[in-house]
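Enquirer: Build the 3D model from these lines:
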Amino acid sequence: MSIEFRQLRYFVAVAEELHVGRAAQRLHMTQPPLSQAIQGLEALLGVELFIRAKRGITLSAAGHALLPEARRLIKDSLALPELVRSAAQGETGQLSIAFVSSADYNLLPPLLRDFRSHYPQVQISLREATSDVQLEALRLGQIDLGLMIPPIPDKLAEQLNYRAILSEPLILAAPGDAPWLKSKQGAAKLSLADCQGQPLIIFPRKIAPTFYDAILGCFQQAGITPEIGQEAIQMQTIIGLVSAGMGIALVPQSVSNLKRPGVVYYDLVEKTPLVETGLAWRKDNHSPVLHAFTELIRKTK
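Expert: As a prediction, this is how the structure comes out:
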């Protein structure tokens, strides 16, 4: 069975007018081909859609059942061009984004607000993940975008695009009630020498090798060998451990937006390396929604 939209349009016109002549005028056609089209639709369906009498025509039970569905199908068909155009321009669709925990305190909220203001009909799914997990998810095509801390391994560099978005210095997160900080109250900056002997809370190196090495490099330049007290893979966990008095941490500057009782943040006297955060996506991902997102970032960042 193959019903044409033309037949449905003809049926709806006759059903609404309950007069073949008036329906033909409405459709800008003559009456005979319209009658033939209706008869052809009835033959195709194997039922009578109209009860024909000398006084005129009325809808049969089958006609009454078909009318709302025919109207719906016609309405949906009229919406198809706009639906296709919106999808082609990235105005509708889905976008999956993974992000490192530190991005939740700087980049992610304004990026999402900006994108949603331009593309409110796009459905966004978010997933918090470390950079190594994001890279694997990109390799497998499980996410569209990764908001991560580089570098990109050489084995993936040819498959991925990368765009740096933010570079920021490291600052010190310390437990505010620590005895060794009492003499430093009111200070705007601390030296790493002030922290000597305090356990360091840090990401595992396998999770973020560049970040890990940058932190240890700060201590090495200060002539200090830190004691690794705890390792944690989430920034909020690291700050939570600092709050519990388990040690100190060097974190990206924007993490100071994460307010926890008992945690104080200090700029460091020493010059620290910049921690970079950027976007990565597959070169062979030609999603219009992905293109819309990366283009918006390119124009605003």
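
Enquirer: Just the pLDDT for residue 85.
Expert: pLDDT, residue 85: 77.

Enquirer: Check the secondary structure at it for me.
Expert: At residue 85, secondary structure determined by DSSP: H, G, I helix; E, B strand; the rest coil is helix.

Enquirer: That one: how many residues sit nearby?
Expert: Using other C-beta atoms under 10 Å, residue 85 has 11 other residues around it. Placement of C-beta: from N, CA and C, glycine included.

Enquirer: so how far is residue 49 from it?
Expert: Distance, residue 85 to residue 49, by C-beta to C-beta, to the nearest Å: 34 Å.

Enquirer: swap in residue 237?
Expert: 67 Å.

Enquirer: Pick out whichever of these two has more residues nearby.
Expert: residue 49 (23 against 14).

Enquirer: Excluding chain neighbours, what is closest to that one?
Expert: Using C-beta to C-beta, 6 or more residues apart in numbering and skipping the chain neighbours, the partner closest in space to residue 49 is residue 63 (3.9 Å).

Enquirer: Now do that neighbour, the pLDDT please.
Expert: Looking at residue 63, its pLDDT is 92.

Enquirer: Residue 102: what's it in contact with?
Expert: Residues counted as contacts of residue 102 (C-beta atoms under 8 Å, 6 or more residues apart in numbering) are 149, 235, 251, 252, 254, 255, 275, 277.

Enquirer: ok, so of the residues you listed, who is nearest residue 23?
Expert: The closest of those to residue 23 turns out to be residue 277 (C-beta to C-beta; 63.5 Å).

Enquirer: and that closest one, how many neighbours does it have?
Expert: 23.

Enquirer: Give me the distance from the strand or helix carrying residue 134 to the chain's centre.
Expert: Using DSSP states H and E, residue 134 maps to helix 131-139. Centroid displacement of helix 131-139 relative to its chain, using C-alpha atoms, centre = their mean, to the nearest Å, is 15 Å.

Enquirer: Point out the other helices and strands that it packs with.
Expert: When contacts are defined as 3 or more C-beta pairs under 8 Å, 6 or more residues apart in numbering; DSSP states H and E, helix 131-139 sits against strand 93-99, strand 145-148, helix 154-157, strand 275-282.

Enquirer: now with 10 Å?
Expert: Counting contacts by 3 or more C-beta pairs under 10 Å, 6 or more residues apart in numbering; DSSP states H and E, helix 131-139 packs against strand 93-99, strand 122-128, strand 145-148, helix 154-157, strand 160-168, helix 209-221, strand 275-282.

Enquirer: one step back: so the residue nearest to residue 49 sits against residue 69, correct?
Expert: No: look at residue 63 against residue 69 with C-beta atoms under 10 Å: they stay out of range, at 11.1 Å.

Enquirer: out of those two, which sits in the more crowded spot?
Expert: Legend: neighbour count by other C-beta under 10 Å for residue 63 and residue 69, higher for residue 63 (20 against 10).

Enquirer: can you count the residues close to the closest residue to residue 246 other than its chain neighbours?
Expert: In space, and not counting its chain neighbours, residue 246 is closest to residue 230: 5.6 Å by C-beta to C-beta, 6+ apart. Neighbourhood size, residue 230 [other C-beta under 10 Å]: 16.

Enquirer: same question, the one 5 residues further on
Expert: Neighbouring residues of residue 235 were enumerated by other C-beta under 10 Å; the total is 23.

Enquirer: residue contacts, residue 6?
Expert: 27, 37, 41 (C-beta atoms under 10 Å, 6 or more residues apart in numbering).

Enquirer: For it, give me phi and psi.
Expert: Dihedral pair for residue 6: phi -60, psi -40, per degrees, to the nearest 10.

Enquirer: Then residue 285?
Expert: Dihedral angles (degrees, to the nearest 10) for residue 285: phi -90, psi 110.

Enquirer: what's the closest non-adjacent residue to it?
Expert: The nearest residue in space to residue 285 (C-beta to C-beta, 6+ apart) is residue 144, at 6.2 Å.

Enquirer: from what I can see the one you found touches residue 284, true?
Expert: No: using C-beta under 10 Å as the test, residue 144 is too far from residue 284 to be in contact (11.8 Å).

Enquirer: The two: who's more crowded?
Expert: residue 144 (23 against 8).
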